[in-house]
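Undergrad: sequence? don't have it. structure:
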């Protein structure tokens, strides 16, 4: 399934007046096909619905337990797929008005189309059960992704035009641990057909079969005490995920990976926030190329085109200063550094990979801290421009 077809669902209001009255009550819905902190690498692998799509603000009033529909078309731009559009619809239900910390159950579907012909479709459900002590997540997806990968082979640089068709599903269950934690497990299964149109001499690990079977066991845990999921001003978010693929389970090869992330937020007055992030990934065994660590995918780090630095491990750290200049407009400045080890090809990864940049924010609706963001970033040997909905992390 496609990480690059990641669909995140959150809430929207039917009218401005209703939204103003219930801004702190409604779950927030965002539709964005770019990778996130939880899925930072590779154009193919698991689809997941982010945990914060339905989390209310800490100071929220009682919610209405009647279900409601939301529909949202949203544009995006990233360096892997280019310019595109996501259109989605979701039905939110089940949060009791007597529980101010309750999360909504969500059922939804969305489609994505990007320049060059990339497309994806997903249907998903996340449900909360037994007084919100347990949750289940099911997603099914299909699509085709077209993108470029650059490899340094000796003194030559090769640009590969890749096409991947995919179909698969993800099933997960989790139990609440304390007030802010979850522990869960799940499976991801699917198939992807890989095409390389301009086929030079490639490293063995990058020469995929015509069809690759995906069958992964996933274990994950998270901690989240942020004050708000769309625009956090305080608190922390941490997550760890272990993935195991075995031929005995139906996968084409044996490999395993661990991904970790930590975000922290600190406000300075009413208009300024400092956001910090550290993330990493380690892959071991015989993984397909799309399961490796892709530097530059998602927000780790902005300033690098995905597909140039791909390796067996990755580390990235960054900071972002956020200034709300007016009620609708904001500015950010960010910088960080990272490293890739065990890279494909002959590209130099001994040196650190610094990056920095600035961005503009526009609040889509006055009553909710939901921003459209445009980020310009520069890396050691590259630069990027990205357009998306929601903060980078």
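TA: Okay, I see it. Source: prediction; values computed, not measured.
Undergrad: From now on I want contacts and neighbour counts done on CA atoms only, so please keep to that.
TA: OK.
Undergrad: how about stretch 327-347: buried residues?
TA: For stretch 327-347, a neighbour-count test (16 or more other Cα atoms under 10 Å) marks 330-345, 347 as buried.
Undergrad: Check stretch 233-240 too.
TA: Buried-residue list, stretch 233-240, by 16+ other Cα under 10 Å: 233, 234, 236, 237, 238, 239, 240.
Undergrad: now the strands: where do they sit in the stretch 251-393 of the chain?
TA: 255-268, 272-285, 293-295, 309-311, 313-323, 329-341, 353-363, 371-379, 383-389 (DSSP state E, counting those that start in this stretch).
Undergrad: now for these, which one comes closest to residue 226?
TA: Proximity to residue 226 (Cα to Cα) singles out strand 255-268 among the strands of the stretch 251-393 of the chain, at 8.0 Å.
Undergrad: where does the stretch 201-350 of the chain dip in pLDDT?
TA: 201-210, 344-350 (pLDDT under 70).
Undergrad: so where's the stretch 1-150 of the chain shaky on pLDDT?
TA: For the stretch 1-150 of the chain, the ranges with pLDDT under 70 are 1-66, 95-102.
Undergrad: how about a cut-off of 50?
TA: 1-64, 100 (pLDDT under 50).
Undergrad: Next, format the buried residues of stretch 233-240 as TSV and append distance to residue 372.
TA: Shown next, in TSV, are the buried residues of stretch 233-240 (distance: Cα to Cα, whole Å):
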residue	distance to residue 372
233	18
234	21
236	22
237	22
238	24
239	25
240	28
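Undergrad: Among these, give me the pair with the biggest separation.
TA: Farthest apart among those by Cα to Cα are 233 and 240. That separation is 22.3 Å.
Undergrad: Among the strands of the stretch 251-393 of the chain, which comes closest to residue 109?
TA: Short answer: strand 383-389, nearest of the strands of the stretch 251-393 of the chain by Cα to Cα, at 17.8 Å.
Undergrad: Report all helices and strands that the closest one contacts.
TA: Judged by 3 or more Cα pairs under 8 Å, 6 or more residues apart in numbering; DSSP states H and E, strand 383-389 is in contact with strand 68-78, strand 371-379.
Undergrad: List the contacts of residue 236.
TA: 223, 224, 225, 226, 262, 263, 264, 265 (Cα atoms under 8 Å, 6 or more residues apart in numbering).
Undergrad: what about it, which helix or strand?
TA: Using DSSP states H and E, residue 236 maps to strand 234-245.
Undergrad: I'd like to check the angle between that strand and strand 272-285, please.
TA: Compare the direction of strand 234-245 with that of strand 272-285 by axes from the mean of the first three to the mean of the last three Cα atoms, to 10 degrees and you get 10 degrees.
Undergrad: Number the chain from 15, please
TA: OK, 15 is where the count begins now, so the last one is strand 248-259.
Undergrad: How far does the helix or strand where residue 197 lies sit from its chain's centre?
TA: Assessed by DSSP H and E, residue 197 sits inside strand 195-210. Chain-centre distance of strand 195-210: 14 Å, with Cα atoms, centre = their mean, to the nearest Å.
Undergrad: one step back: pick the one among the buried residues of stretch 247-254 closest to residue 405.
TA: Nearest member of the buried residues of stretch 247-254 to residue 405, counting by Cα to Cα, is residue 247, at 11.9 Å.
Undergrad: quick one on the thing from earlier: what's the closest of the contacts of residue 250 to residue 309?
TA: For the contacts of residue 250, the nearest to residue 309 is residue 276 (17.0 Å; Cα to Cα).
Undergrad: how many neighbours does the closest one have?
TA: 20 (other Cα atoms under 10 Å).
Undergrad: Can you tell me the closest non-neighbouring residue to it?
TA: Spatial nearest neighbour of residue 276, chain neighbours left out: residue 252 (4.4 Å); criterion: Cα to Cα, 6 or more residues apart in numbering.
Undergrad: Distance check, that neighbour against residue 90.
TA: Distance from residue 252 to residue 90, counting by Cα to Cα, to the nearest Å: 26 Å.
Undergrad: in the sheet, who's paired with the residue nearest to residue 300 when sequence neighbours are not counted?
TA: Spatial nearest neighbour of residue 300, chain neighbours left out: residue 269 (5.2 Å); criterion: Cα to Cα, 6+ apart. Bridge pairing for residue 269 (DSSP bridges) gives the partners residue 259, residue 299.
Undergrad: host element of the nearest residue to residue 132 once chain neighbours are set aside?
TA: Excluding the flanking residues, the one nearest residue 132 by Cα to Cα, 6+ apart is residue 159, at 4.5 Å. Following DSSP H and E, the helix or strand that holds residue 159 is strand 148-167.
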